[in-house]
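Enquirer: Please find the sequence and the predicted model below.
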Amino acid sequence: MIEVFIATLFVLGLSIIAFADAFFGNWIRRHLLAFMLCYASILVALALIPTISIYIAEKWPFIARCLEVSTIFLLAGIGELLDQRSGILNVGIEGLMLLGAASGFITALHTGSLLIGFIAGALMGGIFGFLHGLFSITLKVNQVVSAMGIWLFAIGFVTFWADRYSGPLKISSPRIGGLSPMFFLAVALVFIVWFVLYKSHIGLKIRSVGEDPSVAEATGINVIRIRYQCVVLGGLLGGLAGAFCP
């Protein structure tokens, strides 16, 4: 069936090219190679659809698992993006993920709710994101030193505090096409953050604060408030990334 469909498309394509050549002459001849290459690419893609579909169906559990694991880094990366766009460097994002993972796991274990665990992990990341902002924005501590301090604290504290808890959670999570809803949330956040940063007034403020805070302050932008908002939101996303357990 697919062979008949491709053959029909091939004949139809040649007919369209011949018809266009009769009416547009020199222009279609100048671009004939590009037309033929594009058309050949479409035919090859259509011919490979059955093979690709079978391969994806066989490997989908592995592919879905890879996508879910990448969600962790996607959420953390979006959080760090907001931090750096506002002019704050947080090299201790792994520490926020550790704290979010430990608090989220323990909360979900005791409450039996993944949603409450996610909220607890995000809040823990937000608290330590605010702490990083307090050190680096208000107290003017070196940003790298502050973030590394939080990271080292997280390693030691989580090892001491959460070492007694282990094992998989016996809580089932909803699935959409074999994927966690958190994956779709993370992908949606990519577009939302892009829109906010580059298509909105608040995004212009964030980028102005990060690129030249003195000029931004001269125009009436509250630099400190914008930076605090970004580091707290980045901390929330970092904690959520750690709490997410695909």
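Expert: Arrived safely, thanks for sending.
Enquirer: Hmm, A108 is touching A101, no?
Expert: No: contact between A108 and A101 fails when scored by CB atoms under 8 Å: they sit 10.7 Å apart. Every C-beta, even on glycine, is put in place using the N, C-alpha and C of the backbone.
Enquirer: Could you report the neighbour count for A57?
Expert: A57 is flanked by 8 other residues according to other CB atoms under 10 Å.
Enquirer: how about it, phi and psi?
Expert: When quoted as degrees, to the nearest 10, the phi and psi of A57 stand at phi -60, psi -40.
Enquirer: Okay, it and M182: tell me how far apart.
Expert: Distance of A57 to M182, given as CB to CB, to the nearest Å: 23 Å.
Enquirer: One more: V193?
Expert: 16 Å.
Enquirer: out of these two, which sits in the more crowded spot?
Expert: M182 (22 against 18).
Enquirer: what about that one, helix or strand, and which?
Expert: Assigned by DSSP states H and E, M182 falls within helix 181-199.
Enquirer: what separates the helix or strand following that helix from the chain centre, distance-wise?
Expert: Using DSSP H and E, the helix or strand that follows helix 181-199 in sequence is helix 201-211. Between the centre of helix 201-211 and the centre of its chain there are 20 Å (CA atoms, centre = their mean, to the nearest Å).
Enquirer: what does stretch 61-69 give?
Expert: 15 Å.
Enquirer: neighbouring contacts of that stretch?
Expert: Contact partners of stretch 61-69, identified using CB atoms under 8 Å, 6 or more residues apart in numbering, comprise 56, 177-180, 182-183, 246.
Enquirer: Of these, select the buried ones using a PyMOL command.
Expert: Applying 16 or more other CB atoms under 10 Å to the contacts of stretch 61-69, the buried members can be selected in PyMOL as follows:
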select buried, resi 179+180+182+183+246
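Enquirer: Would you mind measuring from I224 to I137?
Expert: When distance is defined by CB to CB, I224 is 6 Å away from I137.
Enquirer: Please say which of the two ends up with more neighbours.
Expert: I137 (21 against 14).
Enquirer: So what's the residue count around the residue nearest to that one when sequence neighbours are not counted?
Expert: Excluding the flanking residues, the one nearest I137 by CB to CB, 6 or more residues apart in numbering is R227, at 5.3 Å. For R227, the count of nearby residues is 22 (other CB under 10 Å).
Enquirer: So R227, which state does it fall into?
Expert: On the three-state scheme (DSSP: H, G, I helix; E, B strand; the rest coil), R227 is labelled helix.
Enquirer: Torsion angles phi and psi at G104?
Expert: G104 adopts backbone torsions of phi -70, psi -40, taken as degrees, to the nearest 10.
Enquirer: what about it, distance to V158?
Expert: Taken as CB to CB, the span from G104 to V158 is 12 Å.
Enquirer: Compare the two (neighbour count), which wins?
Expert: Legend: neighbour count by other CB under 10 Å for G104 and V158, higher for G104 (28 against 18).
Enquirer: Is it correct that the more buried one is in contact with A120?
Expert: Yes: using CB under 8 Å, G104 makes contact with A120 at a distance of 5.4 Å.
Enquirer: Quick check: neighbours shared by these two?
Expert: Common contact partners of G104 and A120 (CB under 8 Å, 6+ apart): A243.
Enquirer: Nearest to the spatial middle of the chain, which residue is it?
Expert: Nearest residue to the geometric centre of the chain (CA atoms, centre = their mean): L74, 3.2 Å.
Enquirer: contacting residues around that residue?
Expert: Applying CB under 8 Å, 6+ apart, the residues near L74 are 186-187, 189-190, 241.
Enquirer: Now the buried members of those.
Expert: Counted by 16+ other CB under 10 Å, the contacts of L74 give 186, 189, 241 as buried.
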